[in-house]
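In: sequence first, predicted model second:
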Amino acid sequence: MKIMSGFLFVIAVYGCAAPTYEKVDLRSVPIHRDISVEKSRGSIWTGENSRNRFFADFRARDVGDMVTITIVEKTAAKGEATTSTGRTTSEDASVTDLFGMPLNFKMENFMELGKSFSPTVKGGHTNKLDGSGTTERKGEITATISARVIEILPNGNLYIEGRKETTVNNEKQHIIISGIARPEDISSTNAISSDVISDLRLELSGYGVLADKQSPGWLTRILDNIWPF
């Protein structure tokens with residue numbers, strides 16, 4: 001009795017425990033600072049750098065530059081499966097002659113059923129299975145986030161990364177995005193769409209009051225853990 005009481009107490013404590021959330025790493029990426037260029041002596045041209053070009057072009061191209069990412073992601077998946085199988089078997093066997101011996105082995109009243117023994121075998125088996133399933137999933141994310149150029153790859157492509165955290169009424173939401181972008185895909189307004197970013201990694205998560213309300217209650221969690229079926 002004590003063991004059962006202790007077991008129920010442990011389950012109750014486990015069910016009452018508040019749900020835990022995976023902490024999102026929002027440590028900022030180290031800020032890149034341009035290397036200072038030594039001023040030339042006796043010339044009005046100080047050399048080519050991100051702030052000194054013949055033509056104004058504010059598109060991101062150097063490490064540390066910022067770029068605006070327009071997140072427009074839509075996913076849709078649907079699958080259907082149908083299975084139908086069947087099998088029917090039957091067996092029928094009888095003995096017509098057994099070494100010349102009487103087939104009823106002189107058992108005129110077999111097991112007191114009023115019938116003589118008759119060595120026959122009959123059987124049948126039917127097996128049928130019908131199954132079907134359908135799954136469908138849709139998702140859509142629309143947002144705008146600023147990112148920075150973290151690295152310039154040898155082929156000239158840019159590795160960009162952006163992080164965003166918002167808090168409204170103790171409800172926190174995190175957006176993390178990273179990927180590889182081509183400089184020519186960045187528009188003249190220094191913006192790029194997420195659908196042209198390669199190796200895109202997009203994470204949208206949040207926790208707070210709304211997330212707690214969407215989780216099952218403590219009694220439901222207890223029943224889910226002890227229900228054997």
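Out: Sure thing, it's come through.
In: tell me which helix or strand in this structure has the weakest average pLDDT.
Out: When the helices and strands of the chain are scored by mean pLDDT, DSSP states H and E, helix 2-16 comes last with a mean of 60.
In: C-terminal to it, what's the next element?
Out: Going down the chain from helix 2-16, the next helix or strand is strand 66-94, by DSSP states H and E.
In: can you pull the buried residues of that next one?
Out: Using 16 or more other CB atoms under 10 Å as the test for burial, strand 66-94 gives Val67, Thr68, Ile69, Ile71, Glu73. Where C-beta positions appear, they are placed from N, C-alpha and C, glycine not excepted.
In: strand partners of it, parallel vs antiparallel please.
Out: strand 120-152 (antiparallel), strand 191-193 (parallel) (DSSP bridges).
In: avg pLDDT for the longest one?
Out: On average, the pLDDT along strand 120-152 is 84.
In: neighbours of the nearest residue to Thr88 once chain neighbours are set aside, just the number please.
Out: Once flanking residues are discounted, Thr88 sits nearest to Thr126: 4.9 Å by CB to CB, 6 or more residues apart in numbering. Neighbour count of Thr126, defined by other CB atoms under 10 Å: 9.
In: go on, the one 4 residues further on?
Out: Under the neighbour criterion other CB under 10 Å, Asp130 is assigned a count of 9.
In: could you do Ser187 as well?
Out: 13.
In: how near is it to Ile160?
Out: 14 Å (CB to CB, to the nearest Å).
In: who are the packing partners of the strand or helix carrying Arg221?
Out: Using DSSP H and E, the element containing Arg221 is helix 218-226. Helix 218-226 is packed against helix 2-16, with contacts defined by 3 or more CB pairs under 8 Å, 6 or more residues apart in numbering; DSSP states H and E.
In: low-confidence stretches in this protein?
Out: For the chain, applying pLDDT under 70 flags the ranges 1-56, 93, 95-119, 121, 208-215, 218, 228-229.
In: try it again with 90
Out: 1-62, 72-143, 164-174, 203-229 (pLDDT under 90).
In: residues touching the closest residue to Glu136 other than its chain neighbours, list them.
Out: The shortest distance from Glu136 to any non-neighbouring residue, by CB to CB, 6+ apart, is to Lys78 (4.6 Å). With CB atoms under 8 Å, 6 or more residues apart in numbering as the criterion, the residues that contact Lys78 are Thr134, Thr135, Glu136, Arg137.
In: can we see that at 10 Å?
Out: Applying CB atoms under 10 Å, 6 or more residues apart in numbering to Lys78 gives the contacts Thr134, Thr135, Glu136, Arg137, Lys138.
In: so what's the spatially closest residue to the last one that is not a sequence neighbour up against?
Out: Same thing as Lys138. Leaving aside its chain neighbours, Lys138 sits nearest to Ala76 (4.9 Å; criterion: CB to CB, 6+ apart). Going by CB under 10 Å, 6+ apart, Ala76 touches Glu136, Arg137, Lys138, Gly139, Glu140.
In: how near is the third one to Ile71?
Out: According to CB to CB, Lys138 stands 17 Å off from Ile71.
In: for the residue lying closest to Thr135 once chain neighbours are set aside, give its distance to Glu171.
Out: Excluding its sequence neighbours, the residue lying closest to Thr135 (CB to CB, 6+ apart) is Gly79, at 4.9 Å. Using CB to CB, we find Gly79 at a distance of 34 Å from Glu171.
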